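**Student:** no FASTA, just this:
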């Protein structure tokens, strides 16, 4: 095991005599200052939302703390000659870290680890043949009626009643209805893709 050599406690006044001279000029009669460990992670992990499986890892990374006492404990452990787990080939440092975690299960299990992620459920949207045929027939009738209305508006656009209705606005309204009718066909696809789902979302409001 590695034993820590004890020096007088660090102080700024004591360490002020450090000249960092390789020839030994200067006097530092105390221990080195404690360096804080810094954690580095991707912002995508640390800012992941609840629907992202990386959210729990981000929380774990924030909560994980290694104190100076933990570091001293890790350095002071006896080097194992054999390993009791399957990762013996990973090296001595992994064995020591694994042993430290096993000896401090209560710390990381209750304070660091959280399992809040719930995997999304996927359900297949299916219609039987009868429902598909019914929707197709209703859509066909709606499209036919809309096209007939447009044709009649164009044929009688000079009529006073049509002029009073504002033909251009009426035709736009009819085409909006066509979009709504056509959007019903998007729900009949058994394996919709990203484009199909986007069209489902936007076509009815546009209509």
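**Tutor:** Yep, that arrived. If you're wondering where the values come from, they're calculated on a predicted model, not measured in any experiment. Numbers count the residues shown, from 1 in each chain.

**Student:** got the buried residues for the lengthiest helix in the chain?
**Tutor:** Counting by DSSP state H, the longest helix found in the chain is helix 129-155. For helix 129-155, the neighbour count (16 or more other Cβ atoms under 10 Å) marks 139, 142, 146, 150, 153 as buried. C-beta: built from backbone N, CA, C; applies to glycine.

**Student:** ok, now how distant is the third one from residue 170?
**Tutor:** Using Cβ to Cβ, to the nearest Å, we find residue 146 at a distance of 11 Å from residue 170.

**Student:** hang on, the earlier thing: now the element after the longest helix of the chain, going C-ward?
**Tutor:** helix 160-165 (DSSP states H and E).

**Student:** which residues are contacting that following helix?
**Tutor:** 153, 156-157, 170 (Cβ atoms under 8 Å, 6 or more residues apart in numbering).

**Student:** Type out the PyMOL command that picks the buried ones from these.
**Tutor:** Buried residues within the contacts of helix 160-165, by 16+ other Cβ under 10 Å, are selected in PyMOL with:
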select buried, resi 153
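
**Student:** from the contacts of helix 160-165, which is closest to residue 28?
**Tutor:** residue 170 (90.6 Å; Cβ to Cβ).

**Student:** in this protein, which spans are helices?
**Tutor:** 12-15, 43-46, 54-63, 68-76, 92-103, 105-107, 129-155, 160-165, 167-183, 194-206.

**Student:** Select, out of those, the one closest to residue 29.
**Tutor:** Nearest of those (Cβ to Cβ): helix 12-15, 6.0 Å.

**Student:** quick check: mean pLDDT across the closest one?
**Tutor:** Mean pLDDT, helix 12-15: 82.

**Student:** now the chain, which segments are flagged as low pLDDT?
**Tutor:** Within the chain, the stretches with pLDDT under 70 are 1-2, 22, 24-26, 78-90, 123, 125, 207.

**Student:** Report the central residue of this structure.
**Tutor:** Centroid-nearest residue in the chain, with Cα atoms, centre = their mean: residue 52, separated by 3.1 Å.

**Student:** Hmm, residue 15 and residue 27 touching each other?
**Tutor:** No. Taking contacts as Cβ atoms under 8 Å, residue 27 lies outside contact range of residue 15: 10.2 Å.

**Student:** In terms of packing, which of these two has more residues around it?
**Tutor:** Applying other Cβ atoms under 10 Å to residue 27 and residue 15 shows that residue 15 carries more neighbours, namely 14 against 11.

**Student:** distance of the more buried one from residue 72?
**Tutor:** The value you get for residue 15 to residue 72, if Cβ to Cβ is used, is 20 Å.

**Student:** Please apply the same query to residue 58.
**Tutor:** On the measure of Cβ to Cβ, residue 58 and residue 72 end up 28 Å apart.

**Student:** For these two, work out which one has more neighbours and name it.
**Tutor:** residue 58 (19 against 12).

**Student:** I'd say that one and residue 41 touch.
**Tutor:** Yes. Taking Cβ under 8 Å as the definition, residue 58 is a contact partner of residue 41 at 7.4 Å.

**Student:** And stretch 27-35, what's buried?
**Tutor:** 30-31.

**Student:** so how far is it from its chain's centroid?
**Tutor:** 43 Å (Cα atoms, centre = their mean, to the nearest Å).
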